[in-house]
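Asks: the following block contains a protein sequence and its predicted model.
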Amino acid sequence: MNYKRLPNGISDFAQLRKGNFYYVDKTMYITAMENTANFLFFTRPRRFGKSLFVSMVREYYDTLPSAKYEKQFKGTAIYRYNQEHKDEPGFENNHGKYQILYFDFSKVKGKSVEEIEHNFNLYCSNTITRFLTKYNKYYDDVTREMVSKTDDAGQKLNALAMSAQDLGHSLYIIVDEYDNFTNNILTSMGLKTYTDITHGTGFYRDFLKIFKAIASRYLLMGISPCTLDDVTSGFNNFVNITADPDFNMALGFSEVDVREMIGYYQQAGLITRDTDDIINEMRPWYDNYCFAPSRFGIDPKVFNSDMVLYYLGKLMKLGKAPSEMVDPNTMTDYGKLKGLVRLDTENEERKNDIREIASQGYMITKLVGTFPAQNMIKPEMFPSLLYYYGMLTIGGIHADRLKLIIPNLNVRVQYYNFLLEFYQQDYKLNTKQLSDFLDGAAIRGDWQPLMNYLTSQYKKNASVRDTIQGERHLQGYLLAYFNLTSLFITYSEYEMSNGYCDLALFGNHKIFEMATHSYIIELKYLKSTATAAEAQAQWDEAVAQLHRYATDEKALAQTQGTTLHLIALQMRGQQLERMEEVK
């Protein structure tokens with residue numbers, strides 16, 4: 001069978017359509033964009049298909065060559081829409097009506113401001129030169145001479161814009177990864193260096209000033225809105241569609257999309273497993289994104305598209321799920337998260353936010369739509385920044401605020417990795433020995449050496465500040481070190497029987513057959529002055545909670561194929577008070 005290939009790593013729309021790759025249609029959002037505004041700004045986290053979306057827009061509107069429209073768009077939603085409305089009075093079909101001036105600022109790199117400025121100018125100059133080569137027949141020698149006689153990219157852009165206006169050409173300026181190199185500067189070189197290029201006479205601000213009113217349409221895409229706020233004062237006509245309900249599902253895959261894709265490859269004989277089984281395996285790792293508050297609870301949740309393709313590629317090759325459910329490319333995001341947390345200083349409030357989010361899985365906060373970079377160090381801004389980076393997503397409405405949650409295990413692992421690095425600075429546990437203990441707990445049900453080691457090291461190394469933070473700090477500490485192994489799928493505050501268990505370690509039995517033991521752990525933290533009667537009452541409460549959790553249908557489904565252990569753990573300050581398996 002001549003089946004369509006998975007589009008892993010394909011961000012070129014023309015290549016995807018020409019090369020017979022599987023395509024999840026997003027062309028219906030072209031109509032939505034036209035019905036919204038001509039000047040658009042749109043952000044999404046990495047690996048949600050932004051570059052492919054941009055490439056689709058470029059191919060649709062590009063005036064060269066006109067014949068490609070039939071080949072590339074036939075069968076898509078936008079093609080059907082144009083066909084259905086073509087005879088209606090006043091209907092305007094805009095495909096092929098613009099010259100596309102396209103910039104991809106992820107191409108701009110450098111180790112110093114001077115090097116970045118030089119490379120930025122060179123890249124933009126080359127882009128404008130290539131534009132004139134591509135649209136050679138539309139421009140005269142006078143234009144080419146005006147553009148070529150200067151080495152300054154801004155002057156080249158000015159010359160091109162004036163000529164296009166005089167000749168009656170319509171430009172569509174598209175910038176992909178508009179904040180890529182500026183965010184890299186922010187996280188690696190600090191706020192002052194970032195400010196130098198985006199404020200006052202900074203080269204990036206100066207260049208974007210020229211964009212104003214030189215094109216008929218604009219589309220700027222990136223990750224966060226902070227750079228836009230810094231460099232585009234006066235761009236009041238730009239419409240930010242990041243949280244617009246019409247574009248909530250413009251990027252990523254719905255569950256319907258994923259099921260159709262699985263069905264296609266089942267018919268091709270490349271997937272033999274049951275669809276529901278595959279969806280249930282992927283959902284906790286890759287699903288659960290929502291980007292528009294008004295669509296929460298209405299639209300289906302969104303899958304991370306790149307993660308789905310990663311999983312299905314491994315499934316078709318190996319016949320089973322990958323042993324590492326987290327795509328290694330995720331580590332790029334982990335590095336950026338560390339940079340944001342450590343922006344300019346080792347900020348304790350941002351670290352506490354990470355601890356809180358990792359431990360309870362959410363934060364109640366207001367989502368800030370736009371803010372300058374200098375405000376990023378403010379505590380109230382940090383959760384919004386994590387949302388734009390895909391580290392949090394909309395999980396509920398809380399009066400005039402939002403409940404921002406960790407979307408899935410793929411992201412949760414990144415939080416745990418950060419906690420692990422943070423705790424290792426103070427605790428310096430023997431991770432080789434700890435990994436052996438984790439193996440014993442997962443494979444043989446031998447949990448005592450693991451918990452004895454962790455609680456003894458906590459007693460040895462925890463500070464007075466740590467014990468003041470109490471149960472939440474202990475919970476974060478345990479989460480970080482449990483995450484050393486892939487034999488467990490680890491949760492905190494996992495919902496069970498109308499409650500939330502403190503820690504759940506589900507044996508990853510479907511991927512590692514030897515991981516045949518699971519754990520639900522209830523933490524209790526005593527005041528130093530607590531009496532024996534108070535300690536016993538608290539213990540009885542933990543036992544009752546564990547018994548209730550053990551009958552939860554979701555917990556039983558998660559632990560199927562493994563032996564479930566119920567562990568009650570009671571601490572008094574840094575000291576282990578009591579720890580037992582509840583039968």
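Replies: Received the coordinates, thanks. All of these numbers come straight from a predicted model, not from anything done at the bench.
Asks: only C-alpha atoms for contact and neighbour calcs from this point on.
Replies: Fine.
Asks: past the host helix or strand of Asn280, which element shows up next along the chain?
Replies: According to DSSP states H and E, Asn280 maps onto helix 275-286. Downstream of helix 275-286, the next assigned helix or strand under DSSP H and E is helix 305-318.
Asks: could you check that following helix and say which residues are buried?
Replies: Ser305, Asp306, Met307, Val308, Leu309, Tyr310, Tyr311, Leu312, Gly313, Leu315, Met316 (16 or more other C-alpha atoms under 10 Å).
Asks: what sits up against stretch 545-562?
Replies: 496-497, 499, 501, 506-507, 509, 515-518, 520-522, 566-568, 582 (C-alpha atoms under 8 Å, 6 or more residues apart in numbering).
Asks: tell me which of the residues you listed fall in helices.
Replies: Judged by DSSP state H, helices contain none of the contacts of stretch 545-562.
Asks: of those, keep whichever come out buried.
Replies: By 16+ other C-alpha under 10 Å, the contacts of stretch 545-562 give 496, 501, 506-507, 509, 515-518, 520-522, 566-568 as buried.
Asks: just checking, which of those belong to strands?
Replies: Among those, DSSP state E puts Met496, Cys501, Phe506, Gly507, His517, Ser518, Ile520, Ile521, Glu522, Leu566, Ile567, Ala568 in strands.
Asks: which one of those is nearest to Asn410?
Replies: Phe506 (15.4 Å; C-alpha to C-alpha).
Asks: give me the pLDDT for the closest one.
Replies: As summarised for this prediction, Phe506 has a pLDDT of 96.
Asks: specify the beta-bridge partners of the residue nearest to it when sequence neighbours are not counted.
Replies: Leaving aside its chain neighbours, Phe506 sits nearest to Ser518 (4.5 Å; criterion: C-alpha to C-alpha, 6 or more residues apart in numbering). Ser518 has these beta-bridge partners by DSSP bridges: Leu564.
Asks: what's the spacing between Ser518 and Asp277?
Replies: Using C-alpha to C-alpha, to the nearest Å, we find Ser518 at a distance of 20 Å from Asp277.
Asks: Thr198 now?
Replies: From Thr198 to Asp277 the distance is 49 Å (C-alpha to C-alpha).
Asks: how close does Asn329 get to Gly49?
Replies: For Asn329, the distance to Gly49 - C-alpha to C-alpha - is 14 Å.
Asks: hang on, the earlier thing: of all the buried ones among the contacts of stretch 545-562, which two lie farthest apart?
Replies: In terms of C-alpha to C-alpha, the buried ones among the contacts of stretch 545-562 reach their longest pairwise distance at His509 and Ala568, which sit 23.4 Å apart.
Asks: and Asp151, helix, strand or coil?
Replies: coil (DSSP: H, G, I helix; E, B strand; the rest coil).
Asks: what is the neighbour count of it?
Replies: Applying other C-alpha atoms under 10 Å, we find 13 other residues in the vicinity of Asp151.
Asks: over to Thr133?
Replies: 13.
Asks: element containing Cys391, please.
Replies: Quick fix: residue 391 reads Met, not Cys. Met391 belongs to no helix or strand when assigned by DSSP H and E.
Asks: quick check: it vs Asn280, distance?
Replies: Counting by C-alpha to C-alpha, the gap from Met391 to Asn280 is 22 Å.
Asks: ok, the two, which is more surrounded?
Replies: Counting neighbours by other C-alpha under 10 Å for Met391 and for Asn280 shows that Met391 has the greater number, 25 against 10.
Asks: my read: the more buried one touches Leu409, true?
Replies: No - here Met391 lies out of contact with Leu409, judged by C-alpha atoms under 8 Å, at a distance of 10.7 Å.
Asks: which SSE is Gly369 in?
Replies: Per DSSP H and E, there is no helix or strand for Gly369.
Asks: and it, how many residues sit next to it?
Replies: When neighbours are defined as other C-alpha under 10 Å, Gly369 has 15 of them.
Asks: what's near enough to touch it?
Replies: Applying C-alpha under 8 Å, 6+ apart, the residues near Gly369 are Pro225.
Asks: let's see 10 Å
Replies: Residues counted as contacts of Gly369 (C-alpha atoms under 10 Å, 6 or more residues apart in numbering) are Ser224, Pro225, Cys226, Asp229, Asn240, Thr242, Ala243, Ser384, Leu385, Tyr388.
Asks: tell me the domain ranges of this protein?
Replies: Following automatic domain parsing, one gets these domains for the chain: 13-83+91-247, 255-318, 330-405, 427-582.
Asks: so how far is the first residue of the first one from its last?
Replies: To tie it back to what came earlier, the one meant is domain 13-83+91-247. 19 Å.
Asks: grab the nearest non-local neighbour of the residue most central in space within the chain.
Replies: For the chain, Gly390 is the residue whose C-alpha lies nearest the centre (C-alpha atoms, centre = their mean; 3.0 Å). Distances taken as C-alpha to C-alpha, 6+ apart put Pro45 closest to Gly390, at 5.0 Å, once the chain neighbours are dropped.
Asks: you'd agree that neighbour is in a strand?
Replies: No - secondary structure of Pro45 (three-state DSSP): coil, not part of a strand.
Asks: still on that earlier bit, who's more crowded, Thr198 and Asp277?
Replies: Higher neighbour count among Thr198 and Asp277: Thr198, with 22 against 9, using other C-alpha under 10 Å.
Asks: would you check how far apart the more buried one and Tyr102 are?
Replies: For Thr198, the distance to Tyr102 - C-alpha to C-alpha - is 21 Å.
Asks: same thing with Tyr264?
Replies: Distance from Tyr264 to Tyr102, by C-alpha to C-alpha: 34 Å.
Asks: and these two? Which one has more around it.
Replies: A direct count of neighbours by other C-alpha under 10 Å for Tyr264 and Tyr102 places Tyr102 higher, at 19 against 16.
Asks: quickly list what the more buried one is bridged to.
Replies: Ile174.
Asks: show me the contacts for Leu367.
Replies: 293, 380-385, 387-388, 394, 400-404.
Asks: make it 6 Å
Replies: Ser384 (C-alpha atoms under 6 Å, 6 or more residues apart in numbering).
Asks: pLDDT value on it, please?
Replies: Looking at Leu367, its pLDDT reads 89.
Asks: no further queries at this time; thank you.
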